[in-house]
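[1] predicted structure and sequence below. I'll ask about it afterward.
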Amino acid sequence: MEEKTTAPHTPCIFCRIVKGEIPSTIIYEDNTLICFLDIAPANTGHSLIVTKKHFETVTDLPDDTLQHLAVFAKKLAKAMSFALAAEGFNVLMNNRKVAGQLVPHAHIHVIPRYARDGIDLNWRPRKALPALLRDCADKIKRFKLTG
Ligand code: AMP
Ligand code: ZN
């Protein structure tokens, strides 16, 4: 069955990179993904792992595509440890505008990290009441989470 992709109404910048219409610094590509350096990196080596087909968010991705992206993220992080002497890395994905997604084409950021590199990805922790945590977990658990 043909995978369901969400056709963008406006030209999508990552689709244009996939097609080669816009230049990018490509690290790797195969039939499913393309990986290139972020044009406005948090750190040198900040990479984006982008699906070749246009999907918007993680929930739109077929499982095998997401698995492929995740396994590649692991390989890329290992490569960054050796090639860039990264001491750590952030692997993250913004999904939808409210969560900071600027380009509505599914992608994973892999950011090499170093001690005192000054990058701040942290949120302000809130106090959580045990009853609130239990209620929240119960709400989520009502949905099928496996299979
Ligand atoms: P997000 O906020 O998760 O949607 O991240 C989008 C990322 O894409 C940002 O970090 C941008 O710097 C990056 N970006 C946007 N346009 C380009 C481009 N033409 N080439 C490489 N990276 C880009
Ligand atoms: Zn796209």
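    Yes, it's here. Ligands and ions are numbered 1, 2, ... in the order given.
[2] point out where this protein drops to low pLDDT.
    Counting by pLDDT under 70, the chain contains low-confidence ranges at 1-10.
[3] and the strands in the protein?
    Assignment of strands within the chain using DSSP state E yields the ranges 26-29, 33-37, 47-51, 88-92, 107-113.
[4] list, one by one, the residues from the chain near ligand 2.
    Counting by C-beta under 5 Å from the ion, the residues of the chain close to ligand 2 are 12, 14-15, 54, 105. Backbone N, C-alpha and C define where each C-beta goes, glycine included.
[5] pull the longest helix from the protein.
    Ranked by residue count, the top helix of the chain under DSSP state H comes out as helix 63-83.
[6] quick one: buried residues of stretch 18-29?
    Taking 16 or more other C-beta atoms under 10 Å as the basis for neighbour counts, the residues of stretch 18-29 that come out buried are 18, 24, 27.
[7] who's Gly88 bridged to?
    Gly88 forms beta bridges with Arg113, as assigned by DSSP bridges.
[8] one step back: which helices and strands sit right next to the longest helix of the chain?
    Packed against helix 63-83 by the contact rule (3 or more C-beta pairs under 8 Å, 6 or more residues apart in numbering; DSSP states H and E) you find strand 26-29, strand 33-37, strand 47-51, strand 88-92, strand 107-113.
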